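1. Sharing a model prediction with you, sequence too.
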Amino acid sequence: MYDYELVTIINPEIDAERLPGVIETVSGFISDKGGVVEEVSQWGLRRLAYPVAKFKEGNYVLTRFKLKPEEIRGLQSSLRLREEILRLLVVRTDS
């Protein structure tokens, strides 16, 4: 397993009560693929550099986790299907 960082931009219209549920869903996807979530950090609502799906702001969340490399593509596909996730980026942090 390798170390990864996942940055997700979540729809800003998601209210404060539902946001932890969306973040938990992302962690659940990682766990379902056999990964281990090490840290979840909410960066809060931030302005986007350009509009994404007509939104000018988004809730940023950083997730650090361990996962087998062959599972990354499936994780990305699963997350992209979620309507509340506007954008995502997965980066491998170790060499």
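-> Received the coordinates, thanks. Note that this is a predicted model, so its numbers are computed, not measured.

2. who touches whatever helix or strand residue 48 lives in?
-> Residue 48 is part of strand 36-52 when elements are defined by DSSP states H and E. Residues from elsewhere that reach strand 36-52, judged by Cβ atoms under 8 Å, 6 or more residues apart in numbering: 1, 3, 9, 12, 19, 23, 27, 30-31, 55-67, 86-87. (C-beta placed from N, C-alpha, C; glycine too.)

3. Of those, keep whichever come out buried.
-> Among the contacts of strand 36-52, those classed as buried by 16 or more other Cβ atoms under 10 Å are 9, 12, 19, 23, 27, 30, 57-61, 63, 65, 67, 86.

4. Cross those residues against strands and list the overlap.
-> For the buried ones among the contacts of strand 36-52, the ones inside strands are 9, 57, 58, 59, 60, 61, 63, 65, 67, 86, with DSSP state E as the criterion.

5. List the beta-bridge partners for the first one.
-> Under DSSP bridges, the beta-bridge partners of residue 9 are residue 60, residue 87.

6. Quick one: residues contacting it.
-> Taking Cβ under 8 Å, 6+ apart, we find residue 9 in contact with 48, 52, 58, 59, 60, 85, 86, 87, 88.

7. Counting neighbours, which bits of stretch 26-41 end up buried?
-> Quick answer for stretch 26-41 (16+ other Cβ under 10 Å): 26, 27, 29, 30, 33, 35, 37, 40.

8. which residues touch the second one?
-> It refers to residue 27. Residue 27 makes contacts with 37, 40, 63, as judged by Cβ under 8 Å, 6+ apart.
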